[in-house]
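Enquirer: following is a predicted model, sequence given first.
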Amino acid sequence: MGKLILEERIKYPPFESYRFKAELLPIAVRKTDIADKITEGEAYETIRNLPPPFRIGEKSSWLVERRYKFEDKTLKLNEKHAQEMLESVPSNSIVEKQRTGWYLTPNIVHKHARKIMNFSVCVLLIALTYLFLEPLLSAWGIPSFGTGRVRFGLLDYPVLAVIVVPILFVPIIMRVSANFFDLIKQRRFLRSQPKEPNIVFHSDTTSGGSLEVSIDFPDAMENWESMSVLWRVGVLPPSRDALVEGLGRGSNGQPAPGLTTELPHHWSVDLDDGTGGGEDSPMQTTDVKGGLFLRPMRIMQQSEIVEVKSDRTIIAPPKGDWPGTIFSPLIRVHWEMVIIINRGSLPELLWVQPLKVRHPALYCVTEAIVNSGRTETNHPLSLK
């Protein structure tokens with residue numbers, strides 16, 4: 001006789017995960033008792049009526065895993081499991097706040113400004129290094145340049161400053177301008193927001209199967225040149241409280257690796273996972289809870305993009321053997337359909353429809369596809 005336990009383990013990639021060595025980060029673990037004082041045979045019969053276990057990623061890298069354990073022994077079955085979706089997404093969750101409805105595409109200037117910022121920082125470091133070595137070069141008889149003085153007001157500055165400082169301010173001005181135009185674009189959209197589309201599903205949404213759907217926009221605009229659609233699956237950030245608890249840390253103690261110190265409001269209402277530091281999305285209007293820019297899922301795989309047909313559109317599933325919809329405090333596997341509306345010279349308009357997807361019938365293992373944590377570099381068209 002023993003105890004049957006559901007064990008959830010996660011090592012979720014933080015913002016700018018390339019800066020971290022995944023193999024050195026701890027794994028958060030959450031255990032839930034399913035049954036007590038049962039035999040191993042009864043344990044197997046019990047889990048056959050539950051969603052199958054799965055593993056996304058690897059222990060030495062980024063990991064999202066759910067497994068069943070009986071007396072510290074991991075149970076794995078080759079028989080089919082129940083496919084019913086046992087965990088429904090609660091109302092007023094992060095899915096409803098940040099992954100449902102209309103979304104805009106951020107200004108492309110944000111992406112270019114970040115590239116220029118890297119260049120300008122390199123120029124600054126080279127200039128500072130040269131100014132540091134210039135006295136030594138002069139002692140060796142090597143002529144110098146850019147070290148003369150330029151007076152502004154009562155202070156003297158090196159000539160190099162006249163060149164380097166404007167280069168540093170260029171990406172800052174670009175970001176400020178892009179944020180300003182983004183805010184204007186959001187306010188204009190809210191004043192003339194299109195009606196919601198009529199979407200009818202003609203197939204069961206099961207992981208690994210194709211999606212057949214009819215899409216009709218009753219309020220299509222004249223500048224909508226074409227529409228395409230895809231569906232995708234990913235892992236949403238875990239609850240901060242569940243992650244801290246799973247790592248065995250106190251809520252008021254030192255933050256876990258990848259987490260910033262706790263700030264008021266956003267984390268308490270489930271609008272931020274506490275790793276982006278305010279940089280994962282451009283400036284958004286406060287008129288819409290969750291914003292009008294779709295935040296990326298850092299572990300995600302999407303299907304091929306297909307054109308929306310007038311009657312029924314069939315979309316192949318995303319690559320990989322993924323679990324169905326799961327929404328627990330620690331593990332949140334989310335599926336969604338994204339309709340991309342091409343508006344000619346204007347940025348694309350997105351409609352996001354959350355999906356309730358059934359689990360596959362067998363134990364599934366797939367690769368953890370890690371994506372950029374920045375909204376402006378995670379557009380669906382850039383990931384195809």
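Expert: Thanks, I have the structure now. Numbering: from 1, shown residues only.
Enquirer: any regions of the stretch 1-150 of the chain where pLDDT drops low?
Expert: Segments of the stretch 1-150 of the chain classed as low confidence (criterion: pLDDT under 70) are 85-87, 146-147.
Enquirer: helices along that one, start to end?
Expert: 40-48, 94-98, 109-139 (DSSP state H, counting those that start in this stretch).
Enquirer: ok, and what's touching the second one?
Expert: Spelled out, that is helix 94-98. Helix 94-98 is touched from outside by 89, 236-237, 269-271, 289-291, 294-295, 327, 332, 334, 354, with contacts defined as C-beta atoms under 8 Å, 6 or more residues apart in numbering. C-beta: built from backbone N, CA, C; applies to glycine.
Enquirer: between which two of these is the distance greatest?
Expert: Set against one another by C-beta to C-beta, these have their most distant pair in 291 and 327, with a gap of 20.7 Å.
Enquirer: which helix is the longest one in the chain?
Expert: The residue-count maximum for a helix in the chain (DSSP state H) belongs to helix 159-191.
Enquirer: who's in contact with whichever helix or strand comes after that one?
Expert: Sequence-wise, the next helix or strand downstream of helix 159-191 (DSSP states H and E) is strand 198-201. Contacts to strand 198-201, defined as C-beta under 8 Å, 6+ apart, come from residues 211, 212, 213, 214, 215, 216, 217, 218, 337, 353.
Enquirer: now the buried members of those.
Expert: Using 16 or more other C-beta atoms under 10 Å as the burial test, the contacts of strand 198-201 include 211, 213, 214, 215, 217, 337, 353 as buried.
Enquirer: how many neighbours does the closest residue to residue 57 other than its chain neighbours have?
Expert: Setting aside the residues directly before and after it, residue 57 is nearest to residue 368 in space (C-beta to C-beta, 6 or more residues apart in numbering), at 3.1 Å. When neighbours are defined as other C-beta atoms under 10 Å, residue 368 has 22 of them.
Enquirer: hmm, residue 368 is touching residue 62, no?
Expert: Yes - here residue 368 lies in contact with residue 62, judged by C-beta atoms under 8 Å, at a distance of 4.5 Å.
Enquirer: now do the shared contacts for those two.
Expert: 13, 299.
Enquirer: point out the most buried one among the helices of the stretch 1-150 of the chain.
Expert: helix 94-98 (a mean of 19; mean count of other C-beta atoms under 10 Å).
Enquirer: returning to what we had before: now do the phi/psi pair for the residue nearest to residue 57.
Expert: Dihedral angles phi and psi of residue 368 (degrees, to the nearest 10) take the values phi -90, psi 100.
Enquirer: contacts only, for it.
Expert: With C-beta under 8 Å, 6+ apart, residue 368 has these contacts: 13, 56, 57, 58, 61, 62, 63, 64, 299.
Enquirer: give me the subset of those lying in strands.
Expert: Secondary structure of those is defined by DSSP state E; positions in strands are 56, 57, 63, 64, 299.
Enquirer: number of nearby residues for the residue nearest to the first one when sequence neighbours are not counted?
Expert: In this case it means residue 56. Leaving aside its sequence neighbours, residue 56 sits nearest to residue 64 (C-beta to C-beta, 6+ apart; 4.1 Å). Other residues within reach of residue 64, judged by other C-beta under 10 Å, total 24.
Enquirer: noted, bye for now.
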